[in-house]
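S.K.: what's the 3D shape of this:
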Amino acid sequence: MTKRRVTPQQKKPFMQLRPKKGVASAAAAIGIHRSTGYRTLEKAKIQAGNQPSEDSPPRQRTRPDPLAMFFESKVDPILERCPDIKPITVFHDLRNTEPEFKPNYRRTLERRIRAWRAQNGAEKEVMFPQTKRPAGTFSIADFTHLKSGEVTIRGESLRHRYFHFRLPWSCYRYVSVVINGESFTALAEGIQGAFAELDGVPHELRTDSLSAAFRNLAQDVAEDLTERFKALCEHYGMKPFRNNRGVAHENGAIESAHRHLKDRVRGELELRGSRDFECLDAYRTFVAEIVARENVRVAKDIETERGQLNPLPPSNPCDCEEVMVTVTSTAGCRIRKVYYSVPSRLIGYRLKARIFDDRIELFQGATRIETLPRGLRTHRPNIIDYRHVIQSLKRQPMALARLTYRNDLFPRAAYRHFFDQTKVSVSEKQACRLTVDFLALAHENGCEAEIADAIEESFRTGSLPDIESLRTRFAFQEPSLPRQDHAVGNLGQYSSLLDNRLSP
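M.R.: Predicted structure coming up:
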């Protein structure tokens, strides 16, 4: 119920009836609660200059205490034993153990427990207000995430995080979408992206106890910076430090910004009308546009702070992890517990793999020869590109029947559905041959999506797609050059023009 002020039209008759009928009856006569009547009377005395004296007796209860037989005997021992217990827990315990305890005592119990804690409760932690540090001095970074399922890529839920960098003085922020957890690679890429956009480096960088930056295994370690994070900070000439472990409010300059960022993203998704994106890059562009609009609002302060930043070093440090891998006879290699397929021509090679947050680059010596999309080991244990093995699979189509990573080989769900349905109607050998033919046709003619649509259409009509008709439909045609006819002039005409020009 909303609180209503006692109007002058109510106060005047109340004050007139009170001496004759008492406070409770006078309050009931004008339609207010008796407690409101007592407060109105006390305010009237104060406004009249009659301050209550120290010798005046305290105000007495107007009704019996409903908790008199429960609080000291039951509630007090519970609060002394468990000072932080919730009032609702005490309420349910009294309901279960005391038959005379009524349900309408809940609010009275909560107020009494609150009053008890005001007198006997433990000391609480104090929040100390801080002044903003000078421009260019202080920066803060952290990871946060949306709930699972709030964003999808082609209908599939995207498990991801945000790397969030902020300058508290100017309220500048930089956000990048991270798909492989709070790794050093994601931290380094985010920091470098923020510094490149700012064209400068702040003097200090603060984080919480990120595993990517600090060793969080030992309890009593004075110097627990990871070597890579330490080298990154030394390269940029900034001082790293962190808040106390388990004290999140010390990072209030970024924790509050997390909430505002996610609320803004959710709101923009609602306005967009869809939470599904065609690809990861489209979603990253969507988030970048939101952050850019936020930075425009404080552009003047950002320019002021940019002038106080340290200059960027001439080169960027390595923001990735490097491992050596050997390509096996299965035309693949295992990196961070995820199996990746590679072109079969690389079988037997030992390559250097540079691991970024969203991709893996393979190098033969100093030459980059392949870029692979990075996968999550908790999401897909195999990252397979059918183009890498399709030539060998054409020669051995029955290998598809027992292939370990068969479900990951299919580029679209339509191909997997075709294989599963064909096995039921024809032999397994013929199903493997037809499926491999479709994959080969999609690779050779660059019509993967079109063939998938044709397969789905055939299933809707209750028939199997015809490979020969699809070969004819999607056959590669050599582009024909347009024919041009050039008329050759009579050379005698050029001679007559020349003679006319030379004649006087």
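S.K.: quick one, helices of the stretch 301-450 of the chain?
M.R.: 390-395, 406-409, 413-425, 428-445, 448-460 (DSSP state H, counting those that start in this stretch).
S.K.: could I get the ones you listed as a markdown table with mean neighbour count, distance to Lys239 and mean pLDDT?
M.R.: C-beta: built from backbone N, CA, C; applies to glycine. Formatted as a markdown table, those follow (neighbours: other CB atoms under 10 Å; distance: least, CB to CB, whole Å; pLDDT from 0 to 100):
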| stretch | mean neighbour count | distance to Lys239 | mean pLDDT |
| --- | --- | --- | --- |
| helix 390-395 | 14 | 53 | 91 |
| helix 406-409 | 18 | 45 | 89 |
| helix 413-425 | 16 | 51 | 87 |
| helix 428-445 | 19 | 53 | 89 |
| helix 448-460 | 16 | 51 | 85 |
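S.K.: minimum distance to Arg18: which of those helices has it?
M.R.: helix 413-425 (79.7 Å; CB to CB).
S.K.: what sits up against the closest one?
M.R.: Residues outside helix 413-425 that contact it (CB atoms under 8 Å, 6 or more residues apart in numbering): 400, 407, 410, 430-432, 434-435, 438-439, 451-453, 455-456, 459, 464-465.
S.K.: now the strands: where do they sit in the stretch 101-250 of the chain?
M.R.: Under the criterion DSSP state E, counting those that start in this stretch, the stretch 101-250 of the chain contains strands at 138-144, 152-153, 156-157, 161-167, 172-178, 204-207, 239-242.
S.K.: the second one pairs with which strands?
M.R.: Put plainly, it is strand 152-153. Paired neighbours of strand 152-153 in the sheet (DSSP bridges): strand 156-157 (antiparallel), strand 276-277 (parallel).
S.K.: checking Leu94 next. Helix, strand or coil?
M.R.: Following DSSP: H, G, I helix; E, B strand; the rest coil, the label given to Leu94 is helix.
S.K.: quick check: it touching Phe101?
M.R.: Yes: under the criterion of CB atoms under 8 Å, Leu94 makes contact with Phe101 at 4.4 Å.
S.K.: any residues in contact with both of these two?
M.R.: Common contacts of Leu94 and Phe101 (CB under 8 Å, 6+ apart): Phe70.
S.K.: just to revisit the earlier point, lowest-confidence stretch among the strands paired with strand 152-153?
M.R.: Note on these: strand 156-157 shows the lowest mean pLDDT, a mean of 86.
S.K.: which residues does that strand contact?
M.R.: Ser148, Gly149, Val151.
S.K.: would you show me how to pick out the buried ones of those in PyMOL?
M.R.: Entered in PyMOL, the line below selects the buried ones among the contacts of strand 156-157, by 16 or more other CB atoms under 10 Å:
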select buried, resi 151
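S.K.: ok, the contacts of strand 156-157 vs Glu234, which is closest?
M.R.: Among the contacts of strand 156-157, Val151 lies closest to Glu234 (CB to CB), at 36.2 Å.
S.K.: list the contacts for the closest one?
M.R.: Ser157, Leu158, His160, Leu269, Arg275, Phe277, Tyr283.
S.K.: please redo it, this time with the cut-off set to 10 Å
M.R.: Applying CB atoms under 10 Å, 6 or more residues apart in numbering, we find Val151 in contact with 157-160, 177, 265-266, 269, 275-277, 280, 283, 286-287.
S.K.: which of these sit farthest apart?
M.R.: Within these, Arg266 and Leu280 form the most distant pair, 18.7 Å apart (CB to CB).
S.K.: count of residues packed around Arg293?
M.R.: 11 (other CB atoms under 10 Å).
S.K.: what about Phe356, distance to Arg336?
M.R.: Using CB to CB, to the nearest Å, Phe356 is found at 12 Å from Arg336.
S.K.: any residues in contact with both of those two?
M.R.: Joint contacts of Phe356 and Arg336 (CB under 10 Å, 6+ apart) are Asn180, Ser183, Glu321, Arg374.
S.K.: by neighbours, which of those wins?
M.R.: Counting by other CB under 10 Å, top hit in the shared contacts of Phe356 and Arg336: Asn180 with 21 neighbours.
S.K.: what does it show for phi and psi?
M.R.: Main-chain torsions, Asn180, degrees, to the nearest 10: phi -120, psi 40.
S.K.: dump the residue contacts of the closest residue to it other than its chain neighbours.
M.R.: Excluding the flanking residues, the one nearest Asn180 by CB to CB, 6 or more residues apart in numbering is Asp357, at 5.3 Å. Listed by CB under 10 Å, 6+ apart, the contact set of Asp357 reads 161, 163, 176-181, 183-190, 319-320, 374.
S.K.: what of Ser427?
M.R.: Ser427 touches Arg433, counting by CB under 10 Å, 6+ apart.
S.K.: want to throw the shared contacts of Phe356 and Arg336 into JSON lines with distance to Gly121 and pLDDT?
M.R.: Formatted as JSON lines, these follow (distance: CB to CB, whole Å; pLDDT from 0 to 100):
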{"residue": "Asn180", "distance to Gly121": "45", "pLDDT": "80"}
{"residue": "Ser183", "distance to Gly121": "43", "pLDDT": "82"}
{"residue": "Glu321", "distance to Gly121": "50", "pLDDT": "81"}
{"residue": "Arg374", "distance to Gly121": "51", "pLDDT": "83"}
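S.K.: give me the low-pLDDT residue ranges for the chain?
M.R.: 1-3, 49-60, 211-225, 244-251, 376-380, 475-494, 497-504 (pLDDT under 70).
S.K.: hang on, the earlier thing: right, so of the strands paired with strand 152-153, which gets closest to His258?
M.R.: By CB to CB (comparing all of those), the closest turns out to be strand 156-157, at 20.7 Å.
S.K.: before we move on, the earlier item: looking at the contacts of Val151, which are in helices?
M.R.: Among the contacts of Val151, the members found in helices (DSSP state H) are Val265, Arg266, Leu269, Leu280, Tyr283, Phe286, Val287.
S.K.: list the contacts of the residue lying closest to Leu17 once chain neighbours are set aside.
M.R.: Closest residue to Leu17 in three dimensions, ignoring its sequence neighbours and counting by CB to CB, 6+ apart: Ala26, at 3.9 Å. Contacts for Ala26 were tallied using CB under 10 Å, 6+ apart; they are 13-20, 32, 34, 37, 40-41.
S.K.: now, of these, which are buried?
M.R.: Neighbour-count burial (16+ other CB under 10 Å) applied to the contacts of Ala26 gives Phe14, Leu17, Arg18, Ile32, Arg34, Gly37, Thr40, Leu41.
S.K.: so can I have TSV of those showing secondary structure and distance to Gln421?
M.R.: Listed next are those as TSV, based on DSSP: H, G, I helix; E, B strand; the rest coil; distance: CB to CB, whole Å:
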residue	secondary structure	distance to Gln421
Phe14	helix	83
Leu17	helix	87
Arg18	helix	87
Ile32	coil	76
Arg34	helix	78
Gly37	helix	80
Thr40	helix	80
Leu41	helix	84
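S.K.: before we move on, the earlier item: which of the shared contacts of Phe356 and Arg336 sits closest to Thr131?
M.R.: Ser183 (34.5 Å).
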